[in-house]
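A.B. asks: Next come a sequence and a model predicted from it.
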Amino acid sequence: MNRHEIDAIRTLLTSKPRPSGWNERRKRIDEVGSIWLVADDVRLEPVDLGGAPGEWSIVPGSDASRVLMFFHGGGYCSGSVVSHRRMVTEAGRAARMRTLAVGYRLAPEHPYPAAHEDAMRAWRFLRGQGIAARRIAVGGDSAGGNLTIALINCLRAAGEEQPACAWLVSPWTDLTMSGSSLEAKAAVDPLIHKAYLEELASAYAPAPIGRKDPLISPLFADLRGFPPTLIQVGSAETLLDDATRFAAAAGAADVNVTLEIWPHMIHAWPMWNAKLTEGRQALAQAGEFMRRWV
């Protein structure tokens with residue numbers, strides 16, 4: 001690998017201190033996430049997902065009848081369609097399918113279960129467009145990975161059809177923060193640290209909500225019957241244990257799960273695929289996975 005590329009991304013992410021206010025944090029993630037624009041051949045179209053904003057994207061050669069529905073990360077408190085646009089559109093290119101990015105409501109203004117409600121609205125919208133469940137992949141990074149799992153678990157609990165597969169990048173699966181990598185990887189993770197996660201979790205799931213509730217921390221969910229799942233995580237991130245332990249729980253529940261641990265990669269590294277070879281490679285492998293199942 002070319003360490004110069006990931007080091008340049010680290011420099012970008014640490015060039016300014018983390019803003020203190022929610023609005024400033026949201027501006028910052030939009031800024032660093034969209035520093036490289038989408039490719040010229042991507043067609044974007046805003047859409048109302050029954051009250052939640054969304055955005056379609058498609059590139060030449062994509063199959064419009066197959067869809068990747070994507071939930072952005074940001075700890076349930078920041079992130080947007082804008083911040084993750086490059087990642088989502090290039091994932092659609094790799095998967096050769098249309099994408100639907102979902103702009104769910106954010107905490108602390110809209111704590112749990114607002115994001116879950118918007119995720120289900122987006123799913124209902126998509127199904128209402130005549131897209132069969134078996135033609136849909138659902139994915140997300142960080143908190144978006146959490147929301148992906150929660151949506152699928154809600155569909156399973158209701159006895160409804162599930163998407164064909166799930167794609168989880170650096171998923172935040174344990175809001176009780178019990179993973180040992182939160183401490184072990186603190187010195188090498190430029191983005192995510194335990195105190196910051198505690199702040200996000202308190203904003204998203206304030207007391208008396210129990211953070212061990214499987215809808216809050218899907219690490220503790222019964223995963224039997226969960227669809228085929230790809231988990232991608234970097235070795236240099238504090239949420240490494242959130243990914244590996246979820247993969248182990250899924251495997252123990254007889255889920256077809258693939259875990260990829262990418263050496264030296266940081267939290268949600270495919271966001272910076274424009275200038276990061278491993279970001280493009282991760283999206284290529286995710287696209288291959290989704291094409292296999294959708």
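C.D. replies: Received the coordinates, thanks.

A.B. asks: for stretch 173-180, the distance to its chain's centre please.
C.D. replies: Mean-position distance between stretch 173-180 and its chain equals 17 Å (C-alpha atoms, centre = their mean, to the nearest Å).

A.B. asks: Verify the contact between R121 and L49 for me.
C.D. replies: Yes - the pair formed by R121 and L49 meets the contact definition of C-beta atoms under 8 Å, at 5.6 Å. For glycine as for every other residue, the C-beta is placed from the backbone atoms N, C-alpha and C.

A.B. asks: Comparing those two, which residue is more hemmed in?
C.D. replies: Each of R121 and L49 had its neighbours counted (other C-beta atoms under 10 Å), and the higher figure belongs to L49 (22 against 18).

A.B. asks: Please enumerate the strands of the stretch 101-250 of the chain.
C.D. replies: 136-141, 165-169, 229-234 (DSSP state E, counting those that start in this stretch).

A.B. asks: and these as TSV, adding mean pLDDT, distance to E55 and mean neighbour count?
C.D. replies: Shown next, in TSV, are the strands of the stretch 101-250 of the chain (pLDDT from 0 to 100; distance: least, C-beta to C-beta, whole Å; neighbours: other C-beta atoms under 10 Å):
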stretch	mean pLDDT	distance to E55	mean neighbour count
strand 136-141	98	15	29
strand 165-169	99	18	28
strand 229-234	98	22	26
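
A.B. asks: For F289, find the nearest of those.
C.D. replies: With C-beta to C-beta, the closest approach to F289 among the strands of the stretch 101-250 of the chain belongs to strand 229-234: 4.5 Å.

A.B. asks: got the contact list for the closest one?
C.D. replies: For strand 229-234, the surrounding residues in contact (C-beta atoms under 8 Å, 6 or more residues apart in numbering) are 165-171, 239-240, 242-244, 246-247, 250, 255-262, 264-267, 269-270, 282, 285-286, 289-290.

A.B. asks: buried stuff in the longest strand seen in the chain?
C.D. replies: Secondary structure assigned by DSSP state E gives strand 63-71 as the longest strand of the chain. Within strand 63-71, the residues scored as buried using 16 or more other C-beta atoms under 10 Å are R66, V67, L68, M69, F70, F71.

A.B. asks: out of the strands of the stretch 101-250 of the chain, which comes closest to L155?
C.D. replies: Each of the strands of the stretch 101-250 of the chain was scored for nearness to L155 using C-beta to C-beta, and the closest is strand 136-141 (9.6 Å).

A.B. asks: got the contact list for that closest one?
C.D. replies: Residues outside strand 136-141 that contact it (C-beta under 8 Å, 6+ apart): 66-73, 84, 87, 91, 95, 97, 123, 126, 145-148, 151-152, 163-171, 268, 270-271, 286, 290, 293-294.

A.B. asks: For it, C-alpha coordinates in PDB please.
C.D. replies: Output of strand 136-141 as PDB, limited to C-alpha atoms (Å, rounded to 0.1, in the frame of the first residue of the first chain):
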ATOM      1  CA  ILE A 136     -32.300  -3.900  -2.800                       C
ATOM      2  CA  ALA A 137     -29.000  -3.700  -0.900                       C
ATOM      3  CA  VAL A 138     -28.900  -1.600   2.300                       C
ATOM      4  CA  GLY A 139     -25.700  -0.100   3.600                       C
ATOM      5  CA  GLY A 140     -24.200   2.500   5.700                       C
ATOM      6  CA  ASP A 141     -21.100   3.600   7.500                       C
END
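
A.B. asks: ok, back up a step: drop anything exposed from the contacts of strand 229-234.
C.D. replies: Using 16+ other C-beta under 10 Å as the burial test, the contacts of strand 229-234 include 165-171, 239-240, 242-244, 246-247, 250, 255, 257, 259-260, 262, 265-267, 269-270, 282, 285-286, 289-290 as buried.

A.B. asks: Tell me where the stretch 151-294 of the chain has helices.
C.D. replies: Counting by DSSP state H, counting those that start in this stretch, the stretch 151-294 of the chain has helices at residues 181-184, 194-204, 240-252, 277-293.

A.B. asks: What residues are recorded as beta-bridge partners of V102?
C.D. replies: Beta-bridge partners recorded for V102 (DSSP bridges): G54, F71.

A.B. asks: OK, contacts around it?
C.D. replies: With contacts taken as C-beta under 8 Å, 6+ apart, V102 has the following neighbours: L49, A52, G54, M69, F70, F71, H72, V81, D118, A119, A122.

A.B. asks: Repeat the analysis, applying 7 Å as the threshold.
C.D. replies: Residues in contact with V102, defined by C-beta atoms under 7 Å, 6 or more residues apart in numbering, are L49, A52, G54, M69, F70, F71, D118, A119, A122.
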